[in-house]
Structures are given as structure tokens and as C-alpha cells.
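Asker: got a sequence here, can you model it:
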Amino acid sequence: MLRNYLKIAYRNLSQNKGYSALTIFGLALGLAVSLLSILYVKDELAYDHFNTKSDRIFRINSDITYSGKSAKGALAPTPMGQTMKQDFPEVEAFTRLGKYDSQIVKTGETAIREENVLYADSTVFDVFTLPMLEGNSQKALASPNSVVISRSIARKYFGTANSINKTLTFNNDEVRRVTGVMEDIPEQSHFHADFLLPLYETRDAKVNKWGNHIFNTYVLLKPGTSRESVEAKFEKILQTYLDPALKQYFQTTLAETRKAGNNFSYSLMPLTDIHLYSDREGELSPNGSIQYIYIFLLTGLFILLIAVFNFINLTTARSAKRAREVGVRKVMGSDRSVLVFQFLSESFLTTFLALLTGLVLLYLSLPAFNNLSAKHLSLKTEINLTSILCLLAGTALVSVVAGIYPAFYLSSFRPIKALKGIMVHSRSQGFRNSLVAFQFSLSVLLIIGTLLVNQQLQYIQTKKIGFDKDQVIVINTSQSTKSQVLTFKNEVLKSPAVKNGTVSGFLPVTSRRWNDMWYPQLETDPKYSVNMQEWMVDPDYISTLRMEVVSGRDFIDGRATDSSAVIINESAAKQFGLEDPVGKIIHKTGGEQLTIIGVVKDFHYESLRSKIAPVGLVINGKAIDRPLEESFLEAVSFRLDASDLTSTLATIEKRWKEISPAQPFEYSFLNEDFDAMYRSEQRIEQLFTAFSGVALLIACLGLFGLSAFSAEQRTKEIGVRKVLGASVGSIVSLLSKDFLKPVFAAILIAIPVGWYVMQIWLQDFAYKIEIQWWVFVIAGLSSLAIAILTVSFQSVKAALMNPVKSLKSE
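Answerer: Alright, predicted model coming up:
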């Protein structure tokens, strides 16, 4: 019986090739997009699940409120992990990870800058699942000057995974012996490391203070331990260890701190939640967002629904053609259930063919999707028995959802009326119009989202950010000596194509910052403190980046007093409560003082999601207690003449190789680094554009099919109207208006929904656009224009038909 159902279904599809092609291609597009979204979401949800103990691993997060300012960190006090291991029997193990700057790694004459370098406790292998291919995981990070490398790094530097006891030179002077080779960390990890160095060697690890929040700290809880039971004991840690630290370094107590409105609190975040739910200071790498997971899931679902509704619309629209078939079957004794199964088998065959076509489309579109989403998704890794069964089950579900209404609708025809050709379409017409309205409302919603995301990105790129980021080249000099960097700067400035140059430790696009609490002169009360970032700059910094000094003066090269001076931004002046800050003194706890010599106009140095925070520019490393060579020589930036960029770059590279031949020449442009902060938004905008285009295409395919059937059913009516003198325009209007009504309704539905959804999205930005009315007008008119073109094609074709041909059978 099933074979007979499928045979009849195949014949029906073959006899109506145009209808079949529209239905199958529309469903194929919907299935391809939904499968893409599923692959993306599956990849995002898989982060950190490769760890066999992932359900027991937690990161310690910090939430600190001080002087009315809140800081949410992925960092914990330096000794906290060890303290929890000692004091809490529920804690099985702990480890810390620290990320510093990139490092130059050499073997022989080859020098390569490596980004994925982490410092780790030797217990890292007890907490995380990092299989060792060579070496002893218990001893690999226990000895000084050791390094554990990944399999790919072993092959990159030594040509083989057998690399134990071979040496690598870090930053020109640190010779390290390879004590272990580990398997490459999967891409679905919230941290990535090709090199693991002993954390206890770092200066920060030796400064074992409770006030230092420097490392990402993880704890492995014993089986059966709840997170809440451990978090409940954090107050004991604060009272036992943090309170004495506050007394020692800040001359206050935890109780007094809380009484003043300040607070220190810590919590445990599940390892598998970090990638999608964490966006804190001190993350080891950029994370994803659960918000985008919802967007992808809903978009994939919406587009699939649009395709399913197409199938329902086109099937019910063809009811007149199937009516006599139903009538004959019922007269010959067919039960309604048999007819339902027949129509469902047609639905299943259509969906199965659409699935095959969709898989081809998926395979062809996957490279472009990977490029847009920065993923490495592959169908090869997804082919297994479970995925095949899920795919078939999903196909069956889609076929039932798409075919259930048409099956019951078509099988409900009364045989006498069906055989006489007496059909009542009013009940299906209203349902079809509702589906068309729903389809286009989703399409308009995606168009609105695309326009507003694009508008926000344009706002970001064109907003005055307080400095000129164009034509500025940044050369990484973090592993060069002071004399090399200063000589390089002076030599390059001799070129007429170079306008300005500056050596600095911080740029408005770098992520590493130093923060400290500063007070206005004579104040020591915490409520007057300001959490201010301190940036190492030279006297040419402000002029090179073309910042605006709104009061006071810039640094003057050679002036000795400027070594104890600071230039603050407007946000800092406001938070210090200084109406005329120039000449005023600010100080840190402990007595170190700086004199304010100028105020620079606020400039954006983070994503526009964040408000501009206080910043102080200092001329050397004294203000943050760090040697000049470690804090200051991060980069040299030059403002270039754009007339001959290629020649200028060649000149700069030549000078670099002459002065610092052991270091690779690495550069970027400041505007590109600034744009990189918004890559996730750029990807969302591109994906929104692609998905809204697909949604419109599918909706228009359905509208095209409906208008074709409508014109076919009204062929004789059109012939009579033309004989009676009706114009082509009036006939086109007659045929089009019924289809455009649901499109108008869709626009009215989509506009308030789109406004509400995009308002929520824009709330993440501290600096954002105002949603303008014309965005909705453009979205509505564009969808309306596309609908009119789609319907008009069939309407004009029908209106131009010779009435003799349409009436000759009468």
C-alpha cells in the first residue's frame, strides 16, 4: 500500500512540474537555512564539553562595587584557588591561567610571533582534559624554564611530535626546554593555548595578594557537590582573608567598606556557560553570545516556516484540480483516512526531494557561511547514524506539518459537489491569506533588522571618536629594546611621507589596561575615589593621534616636571568633580601624586557598547610601578601621507630590519584594528542580509505560484472582461489586489514587532542610533515592491492573453 501511495505521489509531482519545482525549491531553501542554523548552534553549544569533567569545573568570577562603580571580572584574587583547595573539602583541584602579550618564539634562525601563549599552574592537567602525547603531565610544568607545546606546534617547529627535551627561545633570551607535547585544544574551547608556561615564574604570581585580580581561576569540585553549597562559603573566605588585606593596604575593614556602599562578591560560573553567557573583564578570548544563538534559531525556524507555508498555500490553491480525483476515489469506496495517507505520502515525497536538494545547497553554501560566521563547520564531521536518524525524523516532522492541513482539507470534499465542479474556496482563501501575511511579516522583520544593524554599524564607523584613526600604521615592538625602538622612531620620522610618530604602551584599540583607584588632592574617603586607567605615552602621542586638548597643555618633550604629570580625559575630570582640573593634584593610596597639566577631549577606546571611562595619560612607567621597558614599548605608531603608501611601507620595513633584525616586522592599521572590535556585529549584519534575502525569495516563490494558479482559474473570467472592453491595467489591478492585501497586513504586523526587538538589541550599546520612521517605510516599500513585481508578472501575462483562446471552449 505504501508503495502504491508513493507511486501515485510521484505521478502527481511529474504531471505538475512547475508546481513541484516551486514547492521543492522553496522547501529546499528553507531546510538548507534551518540546517545551517542548527550546525551553527550545535557548534556554539559544544564549547568546553570536550572536558570529561566539564560538569564539575567552575570559574571564579568577581563582582566588585567601589565608589559607585561596578566591575564584573572573570578574574579572582591570586591566592583564592589555593585557599579554596586548602579550606574547602568540596574542592578536588584548582588551577589558574594567565594571558600576557604575544611572544616571539625562535628555533634556529626562525622567529615567529605566537599569540596563543598561556601561563598555567601545573595542576592544569588535573582540571582540564588536555591529553599528553609525550611527557608526564604531573611534572611537565613543575620545573623552571619548561614549556608544554601542542601537537601542531611540535610539527611546526620540529617537524615531528617527538619534541621532548628540545629547546625554544622566547623573546630572544628565555631558553625553554620542551617537557611535554599535548593534543591540540579543540576549537570549541573558551581558551586556546599552543604554549603552556609555568605560571609560578611570573612576577604577578609571586605577588600573592588578595587585592590582585590577575588570573583566571578554576576549581574542580568533587562528585556530588553543588555549586550553591560552595558559594555559600565565600563569605567565610572574605572575612578570613580579604578583611585583613583591606586593613593592611587600605586601612579599612570589610564591614566599613560595605557600610560605605562598596562590596566584594565572588561566584562560580559553570565551565560550559562561559562561552555564551560571559562577557567580563579579563576573558581569555572573545566569547559568543546566547543572544545570537536565539537569533539564529529563530531565523532558521522562521525561514523554514515560510517554506512550509508555501507548501500549504500551493497545495490548497490547487484544490480545484484535485477535486474530481477526490470525488472519484470516494465514489469508488475510498475511506477518508486512505486519502489522508495518500496526500501525506505526497507531502513526504516532496519533503524528501526537498531535503536532498537542500543538502546540496547546504554543501555549496557552507564555505561562504563559514567565511561570514568565522566557523569551520563541515558536513563530514556530522555524518553519523544519530545525525542521519535525526535528519530523517526531522524530514518526517516537516512533511507532516506541511501536509496535515492540505491532506484533511482535500479529503473533506463531498464527492457529488466535487464531481460537478461545485467548489467552495472561501474557507481556504482566508487561511491562505493569513499564511501569506505571516510569511511576509517575517520577511519584513528580517529586512528591518538588517537595515538597523547596518545603520548602527555605519554610526560606529562615522561617529566622531575623539581621535583620527585613518592613515595610522602601528608596528608591534613589544620584544624590542628601548634603544632600538627610539632609534627606529627617529629614523622613520626622517621620511617626508611620515607626518608624526609616537611610542606608546596603550592605543585606543588595545585590550590590556591598568586600572587603579585615584583621589582628588587631600581626599582619602573611598566615596571620592575614581577608578582610572593609566596609559603609557610619549610627548608625541596626542599630536600623532590628533586628539583635542580642551584645557591646559600637552606634554613637552624634555621637560623634567612632566614625568610626574598626567593628562586626563573629560570623563575623569567629571568623576573627580573638578571644574578647573588643570594644576590640581591627584594621588593613589600610598601617597604617589601626579599633577594634572591638561584635559583631553573624551575619545572612544572600547566598543561603543561601553561608556567612556576615566583615562590618565602619563609620560613614563612611574605612575603604575612598572619599568619603562615592560610597560611602555608596546608599539610605535606613525601617521602617514597617503600619496604613496606602498613605498612608505617598504621604507619603514627596511628601517626596522636594519635596527631590529631579530624581530619580525609586524604591522596593522589603526582603523582596521578599530573595526575589528565590531566583527561580531558585522557578521550579524551580513548574515541578516543573506537570511532576509532568502526569506523574501521563498515568500515570493509562494506568491508567484499562488498568482499563477489564480490567473489560471480565472482565465475565462479574464477573457470575458477583455471582450467587454476591460483594459490590461484594470485586469492586472483586479488580479493583484487580492494578493497585496495580506502583504499590507504583514507590514503592519512587522513594524511594531521589529521596533520592539531592535530596541532590545540596541540596549547593549551605550552609544547608539535613534530608530527612525523611514527605516520601516523602506522595509515596507521594498517588500511591497517585490511582491508587486512577483504578482504582476503572472497578472500581466494573463491580461495579455488572447481572449479567443480562453473562451473557445465555451
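Asker: any regions of the stretch 601-750 of the chain where pLDDT drops low?
Answerer: Within the stretch 601-750 of the chain, the ranges that satisfy pLDDT under 70 run 620-633, 706, 708-715, 735.
Asker: now do the strands in it.
Answerer: For the stretch 601-750 of the chain, the strands defined by DSSP state E, counting those that start in this stretch cover 615-618, 635-640, 667-669.
Asker: now those strands as JSON lines including distance to residue 137 and mean neighbour count?
Answerer: C-betas here are computed from N, CA, C, even on glycine. As requested, the strands of the stretch 601-750 of the chain are exported to JSON lines (distance: least, Cβ to Cβ, whole Å; neighbours: other Cβ atoms under 10 Å):
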{"stretch": "strand 615-618", "distance to residue 137": "43", "mean neighbour count": "24"}
{"stretch": "strand 635-640", "distance to residue 137": "37", "mean neighbour count": "22"}
{"stretch": "strand 667-669", "distance to residue 137": "37", "mean neighbour count": "16"}
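Asker: out of these, nearest to residue 301?
Answerer: With Cβ to Cβ, the closest approach to residue 301 among the strands of the stretch 601-750 of the chain belongs to strand 667-669: 39.5 Å.
Asker: please dump the strands of the stretch 601-750 of the chain into a markdown table; it should also carry distance to residue 780 for every row.
Answerer: Below are the strands of the stretch 601-750 of the chain laid out as a markdown table (distance: least, Cβ to Cβ, whole Å):
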| stretch | distance to residue 780 |
| --- | --- |
| strand 615-618 | 44 |
| strand 635-640 | 45 |
| strand 667-669 | 40 |
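Asker: would you check that residue 245 makes contact with residue 209?
Answerer: Yes - under the criterion of Cβ atoms under 8 Å, residue 245 makes contact with residue 209 at 6.7 Å.
Asker: which one's more surrounded, those two?
Answerer: Taking other Cβ atoms under 10 Å, residue 245 and residue 209 do not tie; residue 245 has more neighbours (17 against 14).
Asker: residue contacts, the more buried one?
Answerer: Remark: with contacts taken as Cβ atoms under 8 Å, 6 or more residues apart in numbering, residue 245 is in contact with 209-211.
Asker: any idea which of these is closest to residue 663?
Answerer: residue 209 (33.9 Å).
Asker: tell me the contacts of that closest one?
Answerer: Per Cβ under 8 Å, 6+ apart, neighbours of residue 209: 77-79, 245, 249.
Asker: nearest to residue 489 among these?
Answerer: residue 78 (35.9 Å).
Asker: I'd assumed residue 199 was in contact with the closest one.
Answerer: No - Residue 78 is beyond contact range of residue 199, at 10.1 Å (criterion: Cβ under 8 Å).
Asker: re the thing from before, name the nearest of the contacts of residue 245 relative to residue 658.
Answerer: Comparing the contacts of residue 245 against residue 658 with Cβ to Cβ places residue 209 closest, at 43.7 Å.
Asker: so that closest one versus residue 466, what's the distance?
Answerer: For residue 209, the distance to residue 466 equals 35 Å [Cβ to Cβ, to the nearest Å].
Asker: indicate which one of the strands of the stretch 601-750 of the chain is closest to residue 107.
Answerer: strand 667-669 (23.8 Å).
Asker: adjacent strands (with direction) for the closest one?
Answerer: Applying DSSP bridges, strand 667-669 is found paired with strand 472-476 (antiparallel).
Asker: got the CA coordinates for the strand it pairs with in PDB?
Answerer: In PDB, the C-alpha atoms belonging to strand 472-476 read as follows (Å, rounded to 0.1, in the frame of the first residue of the first chain):
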ATOM      1  CA  VAL A 472      48.000  55.500  11.100                       C
ATOM      2  CA  ILE A 473      50.200  52.400  11.000                       C
ATOM      3  CA  VAL A 474      51.000  50.500  14.200                       C
ATOM      4  CA  ILE A 475      54.300  48.500  14.400                       C
ATOM      5  CA  ASN A 476      54.500  45.900  17.200                       C
END
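Asker: and the following helix or strand past that strand with strand 472-476, angle?
Answerer: Counting by DSSP states H and E, the next helix or strand C-terminal to strand 472-476 is helix 482-492. Inter-element angle recorded for helix 482-492 and strand 472-476: 150 degrees (by axes from the mean of the first three to the mean of the last three Cα atoms, to 10 degrees).
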